[in-house]
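Undergrad: Output the structure for:
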Amino acid sequence: MSPTVTTPRKPVHMKAFVIDRYAKGAALRFGDAPEPEVRENDVLVQIHATSVNPLDGKIRDGEFKLILPYRLPLILGNDVAGVVVRVGPKVRNFKPGDEVYARPAKDRIGTFAEFIAMNEADVAMKPKNLAMEEAASLPLVALTAWQALVERASLKKGQKVLIHAGSGGVGTIAIQLAKHIGATVATTTSTANVDLVKSLGADVVVDYRKEDFEDLLQGYDVVLNSLGKDTLEKSLRVLKPGGKLISISGPPDPEFAKENGSNWLLQQIMRLLSLGIRRKSKRHGVSYSFLFMKSDGGQLGQIASLVEAGAVRPVVDRVFPFAETNEAMAYVETGRVRGKVVIAAL
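TA: Residues are numbered from 1 along each chain as shown. Purely as a prediction, here's the structure:
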């Protein structure tokens, strides 16, 4: 009997935007990349749309290489909406043909491509009332808002929250989520975006071009900060004793270093980086914490329910074709985006 000859499967390639080395402001390389391996708990998703987050630019620039030690070359991209085309043998909740959305786990990003494989735990069914482009704008920013306001702050009805940069990706969702919870919402924005943030539910709008928020606001329970050091320190003045200052723009704190599994040296560096703001917070009788959002399909499922109920809607500034991914990145880096910038698939 002649032996069975198995022909090795040819490597399958897909189109992707890749970084080969960290370089500030560099263009991503468009080219072929291997199609991702599908592990036993994974779903393989054909990407119909993705979106750009400031995090993408920071990873490309090398700002996160200590916190997120990626192996290069790396496909960028942290949001996805698409269709499941294959599932691993242990997948229970999804099947080929399902329309899903997700933020891949931080060590498995790569949505500026035709396909991505993700653990099913990070994936949720796409909100039924959204187009793919709208759904792709949500995962990272909606999870950030949820984990800051619901998990970390335990925001409750009747409390007061200040959300900085209300017209940005996180801000537009955080305002709506806080309003849905029943909080009084203040936000900072520029003159051009006052009407937008009011339409999302902001009760108090501070035009930062004309007013200083720390002179106008006081007695707040929570501040969600996504801006720089000056805004972070000024935010202490608006919080009441026992209030919570949560920052998604840093500095990272020792708690985050532990959660992230950072080594002893990195833990000490993060301790030092956040020492000033932690001391000042203590003097004001408030707590400071740094939030780096985590993937969570269960939370995305709850967010989808809110979207389907009309409590939260995506805000999309522009949709770029896949070929113009570099232009989409550059547009986000102007800092003038209202909501999110989306990239439609090939």
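Undergrad: from what I can see residue 343 touches residue 316, true?
TA: No - contact criterion CB atoms under 8 Å: residue 343 and residue 316 do not qualify, at 11.2 Å. Yep, even glycine has a C-beta here, placed from its N, CA and C like the rest.
Undergrad: Report the separation between the residue most central in space within the chain and residue 15.
TA: Centroid-nearest residue in the chain: residue 140, 2.6 Å away (criterion: CA atoms, centre = their mean). Separation of residue 140 from residue 15 (CB to CB, to the nearest Å): 22 Å.
Undergrad: got the CA positions of the longest strand seen in the chain in PDB?
TA: Longest among the strand segments of the chain by residue count, using DSSP state E, is strand 42-52. Written as PDB, here are the backbone C-alpha positions of strand 42-52 (Å, rounded to 0.1, in the frame of the first residue of the first chain):
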ATOM      1  CA  ASP A  42     -10.900  31.700  18.600                       C
ATOM      2  CA  VAL A  43     -13.200  33.100  16.000                       C
ATOM      3  CA  LEU A  44     -11.700  34.200  12.600                       C
ATOM      4  CA  VAL A  45     -13.500  37.400  11.500                       C
ATOM      5  CA  GLN A  46     -13.500  39.000   8.100                       C
ATOM      6  CA  ILE A  47     -13.200  42.700   8.800                       C
ATOM      7  CA  HIS A  48     -15.800  44.900   7.300                       C
ATOM      8  CA  ALA A  49     -14.800  48.000   9.200                       C
ATOM      9  CA  THR A  50     -12.300  49.200  11.800                       C
ATOM     10  CA  SER A  51     -11.600  52.600  13.400                       C
ATOM     11  CA  VAL A  52      -8.600  54.700  14.400                       C
END
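Undergrad: Sheet partners, orientation included, of that strand?
TA: strand 80-87 (antiparallel), strand 115-119 (antiparallel), strand 340-344 (antiparallel) (DSSP bridges).
Undergrad: out of those strands, nearest to residue 219?
TA: Ranking the strands paired with strand 42-52 by proximity to residue 219 (CB to CB) places strand 340-344 first, at 31.8 Å.
Undergrad: quick one: that closest one to chain centroid distance?
TA: 13 Å (CA atoms, centre = their mean, to the nearest Å).
Undergrad: And the helices in the stretch 51-200 of the chain?
TA: Using DSSP state H, counting those that start in this stretch, the helices assigned to the stretch 51-200 of the chain run over residues 54-61, 132-136, 139-146, 169-181, 194-200.
Undergrad: Tell me the helices and strands packed up against the shortest one.
TA: So that's helix 132-136. strand 42-52, strand 80-87, strand 99-102, strand 316-321, strand 340-344 (3 or more CB pairs under 8 Å, 6 or more residues apart in numbering; DSSP states H and E).
Undergrad: got the contact list for that helix?
TA: Under the contact criterion CB atoms under 8 Å, 6 or more residues apart in numbering, helix 132-136 has outside partners 48-51, 79-82, 99, 101, 126-127, 314, 316, 319, 342-345.
Undergrad: May I see the PyMOL selection of the buried members of those residues?
TA: Applying 16 or more other CB atoms under 10 Å to the contacts of helix 132-136, the buried members can be selected in PyMOL as follows:
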select buried, resi 48+49+50+51+79+80+81+82+99+101+126+127+314+316+319+342+343+344+345
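Undergrad: quick one: low-confidence parts of the stretch 201-346 of the chain?
TA: 346 (pLDDT under 70).
Undergrad: Now for residue 97, how many residues are close by?
TA: 8 (other CB atoms under 10 Å).
Undergrad: Quick check: it touching residue 83?
TA: Yes - between residue 97 and residue 83 there is a contact at 6.6 Å, judged by CB under 8 Å.
Undergrad: Regarding residue 289, what is its secondary structure?
TA: Judged by DSSP: H, G, I helix; E, B strand; the rest coil, the three-state class of residue 289 is strand.
Undergrad: Enumerate every residue touching it.
TA: So residue 289 contacts 152, 244-247, 253, 255-256 (CB under 8 Å, 6+ apart).
Undergrad: what does residue 115 give?
TA: Residue 115 neighbours (CB under 8 Å, 6+ apart): 14, 35-36, 44-47, 85.
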